[in-house]
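Student: Give the three-dimensional model of this entry:
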Amino acid sequence: MADADYIGKEYPSFSVDVEKGRIKMFAASIGEENPIYFDEETAKNNGYSGIPIPPTFAFTLTMEAGQSFNILEDMGIPKTQAMHGEQGFTYYDHIYAGDTVTGSQRITDIYEKKGGALQFIEAVIELRNQSDVHVADLRSVIVVRHNVEEQS
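Tutor: Numbering: from 1, shown residues only. Prediction:
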């Protein structure tokens, strides 16, 4: 089981370049048809300073930076016991093609349900752009299944 002492732990920061081609590919793969995600001129004509990312694209940036499993690996939790329980996004500013986004992941809470059979690990990743503007917070919940009988 994950130790509550991990609450507040912050992992090393990471940086990722936001590439125009990746935004276009992501938008197409989710069936997005809004031209602001494909054409810079259209995006600018609609009040953006460049091609913005689609709302859930920030999660792919954290995956690209290797943030998906670092908590589980750090805590020694087998991936086969864990599943993605929840994801939330809070945007404070736009993220655009050409930006370099820097983030750091921090564990915000760890709690149990069902007598310890389920453990929940909540984490937040704060993202800032190359101008040190806080652009987004990504909140995630990892659910870990435990065999309570084995813990006795």
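
Student: Tell me who's in contact with S140.
Tutor: Counting by C-beta atoms under 8 Å, 6 or more residues apart in numbering, S140 touches H84, G85, E86, Q87, G88, E122, A123, V124, I125. Backbone N, C-alpha and C define where each C-beta goes, glycine included.

Student: ok, now with 10 Å
Tutor: Residues near S140 by C-beta atoms under 10 Å, 6 or more residues apart in numbering: 59, 62, 67-68, 71, 84-88, 105, 108, 121-125.

Student: Which helix in the protein has the most residues?
Tutor: The longest helix of the chain (DSSP state H) is helix 20-29.

Student: Now that helix: buried residues?
Tutor: Going by neighbour count (16 or more other C-beta atoms under 10 Å), the buried part of helix 20-29 is R22, I23, K24, F26, A27.

Student: with those in mind, which one is nearest to V144?
Tutor: When the buried residues of helix 20-29 are compared for distance to V144 (C-beta to C-beta), F26 wins out at 28.5 Å.

Student: before we move on, the earlier item: okay, and which of the contacts of S140 map to strands?
Tutor: Counting by DSSP state E, the contacts of S140 place H84, G85, E86, Q87, G88, Q105, T108, I121, E122, A123, V124, I125 in strands.

Student: could you pull out the helices for the chain?
Tutor: For the chain, the helices defined by DSSP H cover 20-29, 40-45, 57-64, 70-75.
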